[in-house]
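Trainee: show me the folded form of this:
(one chain, ligands or ions: 2)
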Amino acid sequence: MKHNSTPAMDNTLRADNACLPLMTIITNNEAETVLEGETLGRTLVAGTVVALYGELGAGKTAFTRGLAIGLGISISVSSPTFTIVNEYPGEIPLFHFDMYRLETESELFDIGWDDYLERGGGCVVEWSEKVPGAFPPGTIEVRLENLGNNMRRVEIN
Ligand SMILES: Nc1ncnc2c1ncn2[C@@H]1O[C@H](COP(=O)(O)OP(=O)(O)OP(=O)(O)O)[C@@H](O)[C@H]1O
Ligand SMILES: [Mg+2]
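Mentor: Residues are numbered from 1 along each chain as shown. Ligands and ions are numbered 1, 2, ... in the order given. Reported below is the predicted structural model:
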């Protein structure tokens, strides 16, 4: 049977091997990555942390834009270029962090990271590589990889 399989989806339930990604999707353009973010965003509950990993241009902000849409937030998300965090109000607010400019993990304290975790929003973090010690148990990890030709591998754990 021929499937119209864009984006391709490979759902892998983790029985006992926690190393396997829960879901791997290949997106073919920015809109599809936004859509994957939206799908995840619809499932977010207060207090969820989403750690994004991936290089410059991998699609972290695109995915975050989708998360906001999924949460029902109508303000358009952009990169927090001059600040570390942008706040988007909503029933479940979204706190969008970009850790790119952090020099040390201890700067998390200065931006009030622990307070954000307690504020009942969704916390989404670009450049999670910079702050490996920041994430509480239960953090959803999303890895984005540029495969070329506008394709991105999106792995959700
Ligand atoms: N499949 C795709 N998914 C997402 N973005 C794509 C895709 N194909 C092409 N693009 C392009 O890649 C870029 C992704 O930009 P985006 O700002 O989301 O990346 P980023 O990971 O947040 O980068 P940065 O590390 O600079 O914050 C955009 O210009 C977008 O149009
Ligand atoms: Mg970005």
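
Trainee: C-alpha from now on. contacts and neighbour counts both.
Mentor: Noted.

Trainee: could you say what helices and strands the helix or strand hosting residue 63 packs with?
Mentor: For residue 63, the element it lies in under DSSP states H and E is helix 60-70. Helix 60-70 sits against helix 30-41, strand 122-126, with contacts defined as 3 or more CA pairs under 8 Å, 6 or more residues apart in numbering; DSSP states H and E.

Trainee: out of these, flag the one nearest ligand 1.
Mentor: Between ligand 1 and the helices and strands packed on helix 60-70, the shortest separation by CA to the nearest ligand atom is 3.6 Å, and it involves helix 30-41.

Trainee: quick check: what element follows that closest one along the chain?
Mentor: The helix or strand immediately downstream of helix 30-41 is strand 49-53, counting by DSSP H and E.

Trainee: ok, that next one: who's next to it in the sheet?
Mentor: strand 122-126 (parallel), strand 140-148 (parallel) (DSSP bridges).

Trainee: hmm, the last one in reach of ligand 1?
Mentor: If I follow you right, that is strand 140-148. No. Judged by CA under 6 Å from any ligand atom, strand 140-148 makes no contact with ligand 1; its nearest approach is 7.7 Å.

Trainee: residues contacting the next helix or strand after that strand, please?
Mentor: Per DSSP H and E, strand 140-148 leads on to strand 151-156 as the next helix or strand towards the C-terminus. The set of residues external to strand 151-156 that reach it, using CA atoms under 8 Å, 6 or more residues apart in numbering, is 21-29, 33, 58-59, 140-147.

Trainee: what comes up buried for strand 151-156?
Mentor: Within strand 151-156, the residues that qualify as buried by neighbour count (16 or more other CA atoms under 10 Å) are 151, 152, 153, 154, 155, 156.

Trainee: which ones among those come in contact with ligand 1?
Mentor: Counting by CA under 6 Å from any ligand atom, the members of the buried residues of strand 151-156 that reach ligand 1 are 151, 152.

Trainee: same list, the buried residues of strand 151-156, but as CSV with distance to residue 105 and pLDDT please.
Mentor: Rendered in CSV, the data for these read as follows (distance: CA to CA, whole Å; pLDDT from 0 to 100):
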residue, distance to residue 105, pLDDT
151, 31, 98
152, 28, 98
153, 27, 98
154, 26, 98
155, 25, 97
156, 24, 97
